[in-house]
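**Student:** requesting a structural model of the entry that follows:
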Amino acid sequence: MAILVEDVGKFLGKTIQSPYSTSAGRLIGVDTNIRNEVTQVNIEQASGELTKYPIAQVRIHDDSIVLAPAWKNEAVDLEREYVTASRRMTALKALLSDGDIDMPSYKEMTSEYETALRAMERRRTELVDSLKERTGKLDERVRGLQLALTDNKLLYSSGVVEAAAYKEACQIIHDMLNGYAAEKKDIQETIDSLAQLDQNQATQEPIEPPHVEEKIPDFVVVKLNEDTPA
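**Tutor:** Prediction:
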């Protein structure tokens, strides 16, 4: 479904959230086509850099705008493509089993799906590797935040910072930790889902239906020559 400029324009200058309730930056502009549809969003990162994201990653919920990670869309697309190819392979196997298609035709029609499934397997491997790498980066950030909590507690206990400032800083850190935990859970669920895609089952070589031989009659008809003299 296309998203129009009017749908996104009201969020200009506002903070965009991730699906994990963390800030993804501020929306400072949009790119559109001639049909007034948004093609990309321009987001100012916390570092001050401008980053463009395709509109496919944008979700609008009530009065908020959410930016989904690119890997999430990739995982959804991959699973949908895999399921479609697998179902069509299964349908072709059924046709072969029922005798509605011969083996040469079956092999010709399935070769394209088998090639697509092999490409999907490579994409799955690459995506899972990137998700594991993302998990490692999140673990590093979690360790950094945990150290920050310890440092803050030390400063507060030493009387260097006031209670109000200490609580406010710790609340921000806890919110970030909760966001990272939610993202790690989402990533692990996605990895588990991708692991269930079984290419071997989809590309299993079918058994050609046996040839049915013509039945031999139980009796033999003998035709007499009527011209034979008595």
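
**Student:** beyond the lengthiest helix in the chain, next helix or strand please.
**Tutor:** Secondary structure of the chain per DSSP state H: the longest helix is helix 103-157. Sequence-wise, the next helix or strand downstream of helix 103-157 (DSSP states H and E) is helix 163-195.

**Student:** and the contacts of stretch 141-150?
**Tutor:** Cys170, Ile173, Met176, Leu177, Tyr180, Ala181 (CB atoms under 8 Å, 6 or more residues apart in numbering). Just so you know, the C-beta spots here come from the backbone N, C-alpha and C atoms, and that holds for glycine as well.

**Student:** mind checking how far that stretch is from the chain centre?
**Tutor:** 30 Å (CA atoms, centre = their mean, to the nearest Å).

**Student:** in that stretch, what's buried?
**Tutor:** Residues of stretch 141-150 classed as buried by neighbour count (16 or more other CB atoms under 10 Å): Leu145, Ala148.

**Student:** with just CA atoms, put that stretch into CSV.
**Tutor:** In CSV, the C-alpha atoms belonging to stretch 141-150 read as follows (Å, rounded to 0.1, in the frame of the first residue of the first chain):
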residue,chain,number,x,y,z
ARG,A,141,26.2,-2.1,23.7
VAL,A,142,24.5,-3.9,26.6
ARG,A,143,27.8,-4.4,28.3
GLY,A,144,28.6,-0.7,27.8
LEU,A,145,25.3,0.4,29.3
GLN,A,146,25.8,-2.0,32.3
LEU,A,147,29.2,-0.4,32.9
ALA,A,148,27.5,3.1,32.7
LEU,A,149,25.0,2.0,35.3
THR,A,150,27.8,0.9,37.6
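
**Student:** what residues are up against the closest residue to Ile3 other than its chain neighbours?
**Tutor:** Using CB to CB, 6 or more residues apart in numbering and skipping residues adjacent in sequence, the residue nearest Ile3 is Val38, 5.0 Å away. Listed by CB under 8 Å, 6+ apart, the contact partners of Val38 are Ile3, Leu4, Val5, Asp7, Val8, Val30, Asp31, Thr32, Ile55, Val58.

**Student:** just the buried ones out of these, please.
**Tutor:** Buried, going by 16+ other CB under 10 Å: Ile3, Val8, Val30, Thr32, Ile55, Val58, out of the contacts of Val38.

**Student:** ok but Asp31 is inside a strand, no?
**Tutor:** Yes - counting by DSSP: H, G, I helix; E, B strand; the rest coil, Asp31 is located in a strand.

**Student:** sorry, back to before: so which of the contacts of Val38 belong to strands?
**Tutor:** Under the assignment DSSP state E, the contacts of Val38 contribute Val30, Asp31, Thr32, Val58 to strands.

**Student:** report the two of these separated the most.
**Tutor:** Thr32 and Val58 (13.1 Å; CB to CB).

**Student:** take the contacts of stretch 141-150 and lay them out in JSON lines including neighbour count and distance to Ser158.
**Tutor:** Converted to JSON lines, these look like this (neighbours: other CB atoms under 10 Å; distance: CB to CB, whole Å):
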{"residue": "Cys170", "neighbour count": "15", "distance to Ser158": "15"}
{"residue": "Ile173", "neighbour count": "16", "distance to Ser158": "18"}
{"residue": "Met176", "neighbour count": "19", "distance to Ser158": "24"}
{"residue": "Leu177", "neighbour count": "16", "distance to Ser158": "23"}
{"residue": "Tyr180", "neighbour count": "19", "distance to Ser158": "28"}
{"residue": "Ala181", "neighbour count": "13", "distance to Ser158": "29"}
